[in-house]
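S.K.: Sharing a sequence plus its predicted fold:
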Amino acid sequence: MKALRALPFALLITIGSTSVLARSDELRRDEVRRAEFRAASIATRESSGSSSTTKLACFAIRPGDTAARLALRFTGNKENRNRTWFQIIDPVTATVIPKSSYDEIEPGWHVCVASEMLRPGRPQPEFLPVSTSGAAAPQTSVQHRAPGIAAIDPGGLWWVVPLFVAASGAGFAWGWKRIDERRARVEVLRAFGEKFIREFERPLRRNATSPPIKSRVRFAPMRLRVDILIAPDGGRTYPNLVDHKRNVEYDVERVMRLLRDASFVNGPLYAQGSWVVVPCRFQTDRQQEGAS
């Protein structure tokens, strides 16, 4: 039954997580397109041509590739790696890599070359263009990652969602278990406290026209403890520990014998203002002994 209570909550988390992943993939694709637009923007603004639109052909970088080899392969001259129309981008973070960092390029990044600068007459079957569409260059500045700040790859966070769902479901079930346990303990403590008060005041009700005592209980469920507070009412002086300590102790012992509840034991009485406090503790080992 507790698992059924937690099921709707877990389903809501799973549905929301799926939507977040779909949105993350869409945002990632947009970031790659924006990175290619920024590369086109650099090539357009700084190239000698006068056109306001530059077509880029982008290719995936393989292991072992260098900027010089890529420039030689696609443009016929390794020195073209320093040209503004030759750009390398990180599609994960949508970052245009500065040319000062070309000595440390990584597989999976993209090299983008102005279409009109591609080496003619040499097909590249092993390289499929990532994007060969014309991109109107937006007027945006190139942003580089600050030193010491690592980029976060949303695709690498696929394991976070199921872990979060599992942890949330376990936490929800654990919370319900703790609530049920506390409720059960409070009920046991309350039932004992009410029986104690009824039996304590039963002899005092003879010929009484009003309640003979004031009473209340307070609980400490985690410590399995209930404090029973009793005090005189209606102008009476009993019970109190100043004038009738021995009588109060006797009545407490009498009530504990009559209740015959082996799972509860009482501690020493003490006064709290006009109240006499009777601390009682529930002991599971005594409950088992009583049952046997």
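M.R.: Yep, it's here.
S.K.: switch to C-alpha atoms for all contacts and neighbour counts from now on
M.R.: Will do.
S.K.: Where does pLDDT dip in the stretch 1-150 of the chain?
M.R.: Flagging of the stretch 1-150 of the chain using pLDDT under 70 yields the residue ranges 1-54, 121-150.
S.K.: repeat that for 50
M.R.: Counting by pLDDT under 50, the stretch 1-150 of the chain contains low-confidence ranges at 1-22, 46-52, 123-149.
S.K.: ok so V188 is a helix residue?
M.R.: Yes. Note on V188: a helix contains this position according to DSSP: H, G, I helix; E, B strand; the rest coil.
S.K.: burial of it, as a residue count?
M.R.: A total of 14 residues lie near V188 under the criterion other C-alpha atoms under 10 Å.
S.K.: Next one: it, what pLDDT does it get?
M.R.: At V188, the model reports a pLDDT of 92.
S.K.: ok, which stretches of the protein are strands?
M.R.: Using DSSP state E, the strands of the chain run over 53-60, 86-90, 95-96, 110-114, 129-131, 134-136, 213-220, 225-232, 264-266, 270-272, 275-282.
S.K.: Give the pairing partners of the first one; include direction for each.
M.R.: If you go by DSSP bridges, strand 53-60 pairs up with strand 110-114 (antiparallel), strand 129-131 (antiparallel), strand 134-136 (antiparallel).
S.K.: in stretch 254-262, what's buried?
M.R.: Neighbour-count burial for stretch 254-262, counted by 16 or more other C-alpha atoms under 10 Å, picks out 255-256, 262.
S.K.: Please apply the same query to stretch 93-111.
M.R.: The neighbour-count criterion (16+ other C-alpha under 10 Å) identifies 93-97, 102, 105, 109-111 as the buried residues of stretch 93-111.
S.K.: Ok, stretch 221-239 next?
M.R.: By neighbour count with 16+ other C-alpha under 10 Å, stretch 221-239 contains the buried residues 221, 224-232, 238-239.
S.K.: Likewise for stretch 66-80?
M.R.: Within stretch 66-80, the residues scored as buried using 16+ other C-alpha under 10 Å are 66-72, 74-76, 78, 80.
S.K.: With distance to P268 as new columns, can these be given to me in a markdown table?
M.R.: Formatted as a markdown table, the buried residues of stretch 66-80 follow (distance: C-alpha to C-alpha, whole Å):
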| residue | distance to P268 |
| --- | --- |
| T66 | 84 |
| A67 | 85 |
| A68 | 89 |
| R69 | 89 |
| L70 | 88 |
| A71 | 91 |
| L72 | 93 |
| F74 | 92 |
| T75 | 95 |
| G76 | 97 |
| K78 | 93 |
| N80 | 93 |
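S.K.: Nearest to E116 among those residues?
M.R.: Each of these was checked against E116 using C-alpha to C-alpha; the closest is T75, at 9.7 Å.
S.K.: tell me the mean pLDDT over stretch 249-263?
M.R.: Confidence for stretch 249-263, expressed as mean pLDDT, is 91.
S.K.: And the furthest pair within the buried residues of stretch 221-239?
M.R.: When these are compared pair by pair using C-alpha to C-alpha, the two farthest from each other are P221 and Y238, 29.5 Å apart.
S.K.: hang on, the earlier thing: which ones among the buried residues of stretch 254-262 lie within helices?
M.R.: Among those, DSSP state H puts 255-256 in helices.
S.K.: Dump the buried residues of stretch 254-262 to TSV, plus distance to R183.
M.R.: Putting these into TSV (distance: C-alpha to C-alpha, whole Å) gives the following:
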residue	distance to R183
V255	26
M256	24
A262	21
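S.K.: ok, so of the buried residues of stretch 254-262, who is nearest I179?
M.R.: When these are compared against I179 (criterion: C-alpha to C-alpha), the nearest one is A262, at 26.0 Å.
S.K.: how about TSV for the strands of the chain, with distance to R190 added?
M.R.: Formatted as TSV, these follow (distance: least, C-alpha to C-alpha, whole Å):
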stretch	distance to R190
strand 53-60	72
strand 86-90	66
strand 95-96	66
strand 110-114	71
strand 129-131	72
strand 134-136	75
strand 213-220	8
strand 225-232	8
strand 264-266	12
strand 270-272	20
strand 275-282	11
